[in-house]
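A.B. asks: Fold the following and give me the result.
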Amino acid sequence: MASSETQNKSTYAVEMVKQFSQHADGKTFLITGPSEEGIGAEIALSIASSSKPSMIILAGRQKTKILSVMFLIRRMNPNINVVWIPLNLLDNESIRAAADAIKKLEIERIHVVINNAGVMGVRDYTTSKQGVEGQFAANYLGHFLLTNLLMDQIIAAKEEDAVIVNVGSLGYELGEGGKTYNAWRAFGQSKTAMLLWNIALGKRLANKGVLPLVVHPGSNPFHPQRMVTRQEAAGAVVRAALDPAFKALSPAFIVGEKVNSETRSYATSEQDAETLWKLSEQLVGETFDI
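C.D. replies: Numbers count the residues shown, from 1 in each chain. Okay, here's the model as predicted:
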């Protein structure tokens with residue numbers, strides 16, 4: 001859970017959950033990237049400490065780094081059903097297996113999906129098992145596949161304010177141009193893809209009761225001095241997931257407490273969003289009619 005120095009700040013995740021606990025109680029959460037000492041873990045622990053969810057699904061690659069999070073959740077509230085699902089976002093086979101494992105939990109609805117997992121500024125060029133550039137695959141394409149495979153369960157929660165929260169970054173601004181591999185440009189391109197995907201999702205889910213949002217968790221890659229604590233970063237994500245006022249802004253890009261009105265044009269094009277959707281379907285080898 002949050003350290004003692006964070007307990008009195010209203011923007012922190014524990015406080016956000018307390019404020020909007022009625023929108024978390026009884027719900028099923030899916031969180032990717034929940035390893036200990038990360039934002040995903042902080043989100044999960046804050047939800048467990050200050051509300052009464054039905055289930056928290058922690059989807060991540062290394063069980064040893066997630067067991068401690070599961071232990072803390074169970075200690076906070078033994079009534080929460082917390083489950084670990086193996087997930088490697090760099091392997092489509094692993095993603096499909098994760099989706100199948102979640103479906104076998106026999107849950108009818110997933111109320112909140114928090115696509116948090118990702119990598120940043122990987123120095124050397126790497127690829128997914130299927131040959132896709134690593135940061136693009138881990139930050140965006142893997143989540144595209146996982147979310148679409150679980151869309152029936154997400155849409156089933158439409159009467160209970162289902163929401164998909166994609167963790168983005170102002171670092172998307174690093175994604176413009178470039179023909180050779182650059183670690184930070186690749187990161188920016190992956191986050192640009194997340195923004196465009198959110199637009200395409202918003203179009204497809206407009207009449208289905210599911211609200212997609214992208215949220216910037218706080219740190220500014222252009223101003224390293226403007227770093228935030230894990231509780232602050234988690235708080236931004238939790239608020240996007242639970243605050244009804246934010247849901248009304250879907251499919252917006254949330255920065256701070258408002259819609260980012262200065263999002264660059266290459267990250268807001270509906271045409272590019274549709275092109276990306278079709279490319280993504282080709283890359284994962286499956287089409288999704290929502």
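A.B. asks: Next, count neighbours for the nearest residue to residue 157 once chain neighbours are set aside.
C.D. replies: For residue 157, ignoring the flanking residues on the chain, the nearest one in space by Cβ to Cβ, 6 or more residues apart in numbering is residue 109 at 3.8 Å. For glycine as for every other residue, the C-beta is placed from the backbone atoms N, C-alpha and C. The tally of other residues near residue 109 (other Cβ atoms under 10 Å) stands at 18.
A.B. asks: Now do the SS call for residue 109.
C.D. replies: Here residue 109 takes the coil state, with states given by DSSP: H, G, I helix; E, B strand; the rest coil.
A.B. asks: Show the pLDDT at it.
C.D. replies: Reading off the per-residue confidence, residue 109 sits at a pLDDT of 98.
A.B. asks: measure it to residue 236 for me?
C.D. replies: Between residue 109 and residue 236 the distance, using Cβ to Cβ, to the nearest Å, works out to 25 Å.
A.B. asks: for the record, mean pLDDT for stretch 155-170?
C.D. replies: The predicted model gives stretch 155-170 an average pLDDT of 87.
A.B. asks: Please state the offset of it from the chain centre?
C.D. replies: Here stretch 155-170 shows a centroid-to-chain-centroid distance of 9 Å under the convention Cα atoms, centre = their mean, to the nearest Å.
A.B. asks: Mind listing what's buried along it?
C.D. replies: Across stretch 155-170, burial judged by 16 or more other Cβ atoms under 10 Å covers 155-158, 161-170.
A.B. asks: got it, and stretch 272-285?
C.D. replies: Buried residues in stretch 272-285, counted by 16+ other Cβ under 10 Å: 272-273, 276-277, 280, 283-284.
A.B. asks: What is the nearest of those to residue 124?
C.D. replies: Taking Cβ to Cβ as the measure, residue 283 is the one of the buried residues of stretch 272-285 closest to residue 124, at 21.3 Å.
A.B. asks: Fine by me, thanks again.
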